[in-house]
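Q: model this:
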Amino acid sequence: MGSHWAGAGAPGVRLWGWVVRGASPGLGIPPRLLARPRSPRWLVRRMQGAGKALHELLLSAQRQGCLTAGVYESAKVLNVDPDNVTFCVLAADEEDEGDIALQIHFTLIQAFCCENDIDIVRVGDVQRLAAIVGAGDEAAASGDLHCILISNPNEDAWKDPALEKLSLFCEESRSVNDWVPSITLPE
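A: You can find the predicted model right below:
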């Protein structure tokens, strides 16, 4: 599927000022994304909304005891009960980008989450994440907040407005081939 600048009479679907050849609303691109090109200001508001929703979701999940922190702890949960995991957060500061072992873990976790339809995002501020989650969690106390999983607190589907907002954010991101979107947490 190639793309080119939108021109008069160009076939395809218009997406952020681009025409995507062969794309149609039936190919999984949400109609709200096809309506008109988006401004950079819209993208900033979208990111801020996702950051706020992630903040709310982390606090809610922690209160309900359905938050798992740590790369190895998260891998155990994903191995034992992946159907119960609803959301995954990968966090790395700039200095973590050079940690090859951590990047390999991230790649494996990303692949597993994508394969099992678990929404996943990246956060670039581990310190801010630590401030939100706090030291009440064992992994948080040990300093490993590079991976956080949010699970269902019980058998029934968890209806959290912040989780629904983040799921929509992830769905919209995937529709434009951003499989692991980055989120900036609010101050």
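Q: rest of the way, CA atoms for contacts and neighbours
A: Fine.
Q: what does the longest strand belonging to the chain contact?
A: Secondary structure of the chain per DSSP state E: the longest strand is strand 85-91. Strand 85-91 is touched from outside by 78, 106, 113, 118-126, 145-152, with contacts defined as CA atoms under 8 Å, 6 or more residues apart in numbering.
Q: Skip ahead from the strand or helix carrying residue 54 and say which helix or strand is next.
A: Assigned by DSSP states H and E, residue 54 falls within helix 40-64. Next along the chain after helix 40-64, taking DSSP H and E as the criterion, comes strand 67-69.
Q: Just name whatever secondary elements that next one is in contact with.
A: Strand 67-69 sits against helix 138-142, strand 147-151, with contacts defined as 3 or more CA pairs under 8 Å, 6 or more residues apart in numbering; DSSP states H and E.
Q: Comparing those by mean pLDDT, which bottoms out?
A: Lowest mean pLDDT within those: helix 138-142, at a mean of 51.
Q: so when I look at residue 121, I'm seeing a strand, right?
A: Yes. According to DSSP: H, G, I helix; E, B strand; the rest coil, the state of residue 121 is that of a strand.
Q: How many neighbouring residues does it have?
A: Residue 121: 21 surrounding residues under other CA atoms under 10 Å.
Q: Enumerate every residue touching it.
A: With CA under 8 Å, 6+ apart, residue 121 has these contacts: 88-90, 170, 180-183.
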